[in-house]
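*Asks:* with the sequence up front, the predicted model follows.
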Amino acid sequence: MNKRVEFPVVPFDGPFDKPLLSLVVPLYNERPMLPLFFDRVLPLLATLDVHWEIVLIDDGSDDGSAQYIRGVIDRMPGIRLIKLSRNFGKEAAMTAGLEHAKGDAVIVLDADLQDPPEQIPAMVECWQSGVDVVLMQRRSRAGETAFKRWSAHLFYRLLNRTSRTNIPVDTGDFRLMSRKAVNALLVLTERNRYMKGLFAWIGMPTQVIQYDRKPRAAGETKWDYPGLVGLALEGLTSFSVSPLRWATLIGLVAASMGAVFGLWIVIKALMLGDATSGYPSLVAIISFLGGIQLMSVGIVGEYVGKTYMESKQRPVYLTDEVIENLTGTRQQVQLKPTGARHVKAV
Ligand code: UDP
Ligand code: MG
């Protein structure tokens, strides 16, 4: 089914002498970061030979982030604030940003400056040499615990073993995408947005640039371990049905083991007249099989749940308002309460 996404924002109306670069920045309670963010990013954009826009997505912050950004928008054009109606999570915020970006190239960037904006010129240069995706790969992950590094490493490898879509190791959301790549991404209308997987799914000519990931400049990470485990499960089950096959396989192995064990007991009783003493082996087998069954039901449930969520066809996010400075004075675009994402079948 082909779907077309209509955008409520004013289309870019030039000038068209240079390409337009959009920075898409999801943020949630990043008020302490924002002055620093603009201080680092704005001078850098000024050195580039492109038109630019910054699309900030306020993912339901309640720390005054939006008010601060309004102040900046009042003073200068080129910045757009997409205020979501509540916290929808980074994946949804990024989707909102990509839908609202008008650029010929779009860079997704964290507001906490962990993705160094100083890499932007190299990314743009790479894009101008003809690739559609410039992927930023972490050479180092400063400010992260050894356990987080190790678990991330393990996760990426497990993910790539299970899924046909090859998700590059040690890459995050920090990347540049051409308009072609962004449009391809926006065709994927699934609700369940595991962005790293979606990014990888579209393919396209890609170049990898390595960089050193910095610690957060201020504030705190929004991810805790349960959140990360959830995201990992999401990743594993979004892009492959192999866990279902594992369940079948484990069931098969357990059943074979049970059969062999049963046979052995019968043979022993017939040949040696040794009636096997009961409980312990029985308890062990029952709990082993019970465990496997529960796990398998859990895995199946994960997929059933996903199908249920998809079947509801809810939008990925709702927009409260879009604020931008079009003519030097701030303009407020009030949206219909149904949100920004008008998805219409063609
Ligand atoms: N973020 C968001 N919505 C959320 C959580 C995070 O938009 O629900 C933003 C956050 O403000 C930041 C980026 O996503 O700009 C990355 O988040 P964070 O730094 O917490 O993740 P980490 O870098 O630790 O993976
Ligand atoms: Mg961060």
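*Replies:* Cool, the structure landed. Ligands and ions are numbered 1, 2, ... in the order given.

*Asks:* C-alpha from now on. contacts and neighbour counts both.
*Replies:* OK.

*Asks:* okay, how far is it across stretch 92-108, tip to tip?
*Replies:* One end of stretch 92-108 sits 13 Å from the other (C-alpha to C-alpha, to the nearest Å).

*Asks:* quick check: the gap between residue 323 and residue 119.
*Replies:* Note on residue 323: its distance to residue 119, by C-alpha to C-alpha, is 28 Å.

*Asks:* and if you look at residue 168?
*Replies:* 19 Å.

*Asks:* how about residue 244?
*Replies:* Counting by C-alpha to C-alpha, the gap from residue 244 to residue 119 is 41 Å.

*Asks:* mind checking which of those two has more residues around it?
*Replies:* Using other C-alpha atoms under 10 Å as the criterion, residue 244 and residue 119 rank with residue 244 on top: 18 against 14.

*Asks:* which element follows the helix or strand harbouring the more buried one toward the C-terminus?
*Replies:* According to DSSP states H and E, residue 244 maps onto helix 242-272. Downstream of helix 242-272, the next assigned helix or strand under DSSP H and E is helix 279-311.

*Asks:* average model confidence for that following helix?
*Replies:* On average, the pLDDT along helix 279-311 is 79.

*Asks:* not counting sequence-adjacent ones, nearest residue to residue 250?
*Replies:* In this structure, residue 250 finds its nearest non-sequential neighbour in residue 292, 7.5 Å apart by C-alpha to C-alpha, 6 or more residues apart in numbering.

*Asks:* what's the burial count for residue 235?
*Replies:* 22.

*Asks:* so does the helix or strand containing it get close to ligand 1?
*Replies:* Assessed by DSSP H and E, residue 235 sits inside helix 225-238. No - applying C-alpha under 6 Å from any ligand atom, one finds helix 225-238 separated from ligand 1 by no less than 8.9 Å.

*Asks:* and that helix, what does it pack onto?
*Replies:* Counting contacts by 3 or more C-alpha pairs under 8 Å, 6 or more residues apart in numbering; DSSP states H and E, helix 225-238 packs against helix 146-162.

*Asks:* how about 10 Å then?
*Replies:* Judged by 3 or more C-alpha pairs under 10 Å, 6 or more residues apart in numbering; DSSP states H and E, helix 225-238 is in contact with helix 146-162, helix 195-201, helix 242-272, helix 279-311.

*Asks:* got the buried residues for it?
*Replies:* For helix 225-238, a neighbour-count test (16 or more other C-alpha atoms under 10 Å) marks 232, 234-238 as buried.

*Asks:* could you do stretch 251-265 as well?
*Replies:* For stretch 251-265, burial by neighbour count (16+ other C-alpha under 10 Å) applies to 251, 254.

*Asks:* name the residues that touch that stretch?
*Replies:* Contact with stretch 251-265 is made by 245-250, 267-271, 274-276, 281, 285, 288-289, 292-293, 296, as judged by C-alpha atoms under 10 Å, 6 or more residues apart in numbering.

*Asks:* average pLDDT for it?
*Replies:* Taken as a whole, stretch 251-265 has an average pLDDT of 80.

*Asks:* cool, thanks, signing off.
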